[in-house]
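1. Structure for this input, please:
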Amino acid sequence: MAFDFNAKDIFEMAKQIERNGVKFYETAAAGVSGHAEKKFLLNLAKMEVTHEQTFADMEKELTEAESAETTFDPDNMAALYIKSLADTKVFFEKEIDTSSMKEILIAAITAEKDSIVFYLGMKDLVPGKLGSKRIDDIISEEMTHIQVLGKELMAYK
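-> Below you'll find the model as predicted:
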């Protein structure tokens, strides 16, 4: 299947990646024993939920061109393809070492960096008229996760 992506497609991927992040942080929280660590990880899961809503709100602001279908797809295969991309590129079946908060944070930072790299690559696949500049908004949101995680990781040095 070959087709141009549009900004709407990327927002759909972004929302799925956020849902995957929620699962990652909730799984990590379930495995840690410390109350403060558990609370921090659950707050990160909530941040992912907030980002999903932020991306949904941004998606509502897209122009008609940025949301236009780019291919004939009566079987909705594009949506399945988009979900598959999102599910396998970031937070994909990560082994979580919950014995160490430092290792959880490193895994989380790696996943967040992976998401930024993923979006940078996807940006090249979205023509300008289909909203490639909107991907910068997604990247900016993801960078806030790295800042929060990096600050917390510094406390474990």
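2. From here on, just use CA atoms for contacts and neighbour counts.
-> OK.
3. The residue nearest in space to the middle of the chain sits in which helix or strand?
-> Residue closest to the mean C-alpha point of the chain, counted by CA atoms, centre = their mean, is residue 17 at 3.5 Å. Using DSSP states H and E, residue 17 falls within helix 7-31.
4. How about the secondary structure of residue 40?
-> Of the three states, residue 40 takes helix under DSSP: H, G, I helix; E, B strand; the rest coil.
5. For residue 46, see how far away it is.
-> Residue 40 sits 10 Å away from residue 46, going by CA to CA, to the nearest Å.
6. cool, and residue 99?
-> Counting by CA to CA, the gap from residue 99 to residue 46 is 22 Å.
7. likewise residue 108?
-> Relative to residue 46, residue 108 is positioned 14 Å away (CA to CA).
8. cool, residue 30 as well?
-> As for residue 30, its distance to residue 46 is 14 Å (criterion: CA to CA).
9. again with residue 105
-> Residue 105 is 16 Å from residue 46, by CA to CA.
10. Need the residues that contact the helix or strand encompassing residue 119.
-> Using DSSP H and E, residue 119 maps to helix 101-123. Helix 101-123 is contacted from outside by 10, 17, 28, 32, 37, 89-91, 96-98, 132-133, 135, 138-139, 142-143, 145-146, 149-150, 152-153, 156, using CA atoms under 8 Å, 6 or more residues apart in numbering.
11. and the angle from it to helix 7-31?
-> Between helix 101-123 and helix 7-31, the angle comes out at 170 degrees (axes from the mean of the first three to the mean of the last three CA atoms, to 10 degrees).
12. Off-centre distance for helix 101-123?
-> Helix 101-123 sits 9 Å away from the centroid of its parent chain (CA atoms, centre = their mean, to the nearest Å).
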